[in-house]
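Asks: Quick one: sequence plus predicted model below, questions after.
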Amino acid sequence: MKYLCLIYSDEKLLHSLPESPRDGECLDYFQSVQQSGRMLAAEPLEPVATATTVRMRGGKLSITDGPFAETKEQLAGFYLIEARDLNEALQIAGGIPAARVGSVEVRPVRQLQLED
């Protein structure tokens with residue numbers, strides 16, 4: 001089953017705390033999950049200030065600079081993994097270096113249901 005691990009952290013603290021992960025450590029962990037055959041995709045994101053939010057309401061497109069919502073922690077990156085079950089996905093998520101200074105939300109990927 002596919003799981004999306006959404007990595008959240010306070011951008012101001014992400015790289016400034018003593019326990020903050022460095023890019024090399026993140027790359028090493030990515031490669032270890034990739035070598036296990038469970039990695040489908042992973043990417044870090046640019047700072048939230050670079051975000052643009054798009055909405056379509058009543059047939060009209062609305063574009064707003066900035067993130068979808070103002071929050072204490074921002075989306076910093078993601079891992080898309082293949083895992084046996086939620087327990088295995090949680091173990092992988094727990095090893096993500098950024099989990100030490102932020103949080104990782106693990107969500108199953110839903111398959112779209114085609115109508116007959």
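Replies: Received the coordinates, thanks.
Asks: What residues of the worst-scoring helix or strand of the chain on mean pLDDT count as buried?
Replies: Every helix and strand in the chain was compared by mean pLDDT, DSSP states H and E; the lowest is helix 11-14, with a mean of 82. Buried positions in helix 11-14, judged by neighbour count with 16 or more other C-beta atoms under 10 Å: 11, 14. The way it works is simple: take the backbone N, C-alpha and C, and place the C-beta from them, glycine included.
Asks: cool, and stretch 81-97?
Replies: Applying 16+ other C-beta under 10 Å to stretch 81-97 flags 81-83, 89, 92-93, 96-97 as buried.
Asks: Among these, find me the one that's closest to Asp116.
Replies: Glu82 (28.1 Å; C-beta to C-beta).
Asks: Tell me the spacing between the closest one and Asp28.
Replies: 20 Å (C-beta to C-beta, to the nearest Å).
Asks: all strands for the chain, in order.
Replies: 2-9, 39-44, 52-57, 60-65, 74-82, 103-108 (DSSP state E).
Asks: The ones you listed into JSON lines, with extra columns for mean pLDDT and distance to His15?
Replies: Shown next, in JSON lines, are the strands of the chain (pLDDT from 0 to 100; distance: least, C-beta to C-beta, whole Å):
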{"stretch": "strand 2-9", "mean pLDDT": "96", "distance to His15": "9"}
{"stretch": "strand 39-44", "mean pLDDT": "96", "distance to His15": "11"}
{"stretch": "strand 52-57", "mean pLDDT": "91", "distance to His15": "23"}
{"stretch": "strand 60-65", "mean pLDDT": "91", "distance to His15": "24"}
{"stretch": "strand 74-82", "mean pLDDT": "95", "distance to His15": "10"}
{"stretch": "strand 103-108", "mean pLDDT": "96", "distance to His15": "16"}
